[in-house]
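Undergrad: structure for the following, please:
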Amino acid sequence: MRLPLDTVADRILEELRPGLSGDVLEQIAPLSETLAKAGRILCYGVGREGLMMKALAMRLFHLGLDAHVVGDMTAPPVGAGDVFFVSAGPGQFSTVAALADVAKTSGARVICITAEPDGSVPQAADMCLHLPAQTMAADQGDAATSILPMGSLYEALMYLFFEVLVLDLRDRLGVAPDAMRVNHTNLE
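TA: Residues are numbered from 1 along each chain as shown. Next comes the predicted model:
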């Protein structure tokens, strides 16, 4: 049965609310503090999670931080004093795990955002951020709880969580909105 679109939209908004609860948002302050003190911040994720990590890297750059996307040709090496910030929604991706290991071996701090904090990548990270949301790890049968397909709920929450993080970082760093705009590209 096809639901009316306003019903679908209401259901999505209801599903997003727990992912922005006080308990979830409490994770922002320590994350913000860590990112503010980082040398370089290198962001990585796969698939649509990777797109959300790229969006975050862009905003961190707008804040004046030394932020990069792993895989871009201009991404610098990671080392001591740096942060390698990854997404592993389902708790494990082989590429994310391998790169996190390289970052740790190089002396960087690894931060993982995930919906499955008991997964191997979040368990090996120095800091784990938990977004309670359905991913592709639990999108079938009785485990499926979201009206959204596959990992869309997690990815939407990543975006919103990151925007709250950016506002916190902006205030923490004392960056005016106009100063962020100066860092926005003019090649559009």
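
Undergrad: buried set for the longest helix seen in the chain?
TA: Taking DSSP state H as the criterion, the chain has its longest helix at helix 152-173. Of the residues in helix 152-173, 152-158, 161-162, 165-166, 168-170 count as buried by neighbour count, 16 or more other C-beta atoms under 10 Å. Any C-beta I mention is one placed from the backbone N, CA and C, and that applies to glycine too.

Undergrad: what's it in contact with?
TA: Contacts of helix 152-173 from elsewhere in the structure, counted by C-beta atoms under 8 Å, 6 or more residues apart in numbering, are 12, 15-16, 19-20, 24-25, 28-29, 31-33, 35-36, 48-49, 51-53, 55-56, 59-60, 63-65, 87, 89, 113, 115, 129, 131, 133-135, 146, 148, 175, 177, 180.

Undergrad: any idea which element residue 6 lies in?
TA: Here residue 6 is covered by helix 5-16, with elements defined by DSSP states H and E.

Undergrad: got the contact list for that helix?
TA: By C-beta under 8 Å, 6+ apart, the list of residues contacting helix 5-16 reads 3, 133, 145, 146, 147, 148, 153, 156, 157, 160.

Undergrad: with stretch 26-41 instead?
TA: Counting by C-beta under 8 Å, 6+ apart, stretch 26-41 makes contact with 57, 60, 65-68, 76, 78-83, 85, 109, 111, 127, 129-130, 161, 164-165, 168-169, 172-173, all of which sit outside it.

Undergrad: measure residue 116 to residue 154 for me?
TA: As for residue 116, its distance to residue 154 is 10 Å (criterion: C-beta to C-beta, to the nearest Å).

Undergrad: tell me where this structure has helices.
TA: According to DSSP H, the chain carries its helices in the segments 5-16, 22-25, 28-37, 47-62, 94-105, 120-124, 152-173, 177-182.

Undergrad: CA atoms of the fourth one as CSV?
TA: Presented in CSV, the C-alpha positions along helix 47-62 are these (Å, rounded to 0.1, in the frame of the first residue of the first chain):
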residue,chain,number,x,y,z
GLY,A,47,29.4,5.0,-0.4
ARG,A,48,26.9,7.4,0.8
GLU,A,49,28.6,7.6,4.2
GLY,A,50,31.6,8.8,2.3
LEU,A,51,29.6,11.6,0.8
MET,A,52,28.5,12.7,4.3
MET,A,53,32.2,12.6,5.3
LYS,A,54,33.1,14.8,2.3
ALA,A,55,30.4,17.2,3.3
LEU,A,56,31.9,17.4,6.8
ALA,A,57,35.4,17.9,5.4
MET,A,58,34.1,20.9,3.4
ARG,A,59,32.5,22.5,6.4
LEU,A,60,35.6,21.9,8.5
PHE,A,61,37.6,23.7,5.7
HIS,A,62,35.1,26.5,5.8
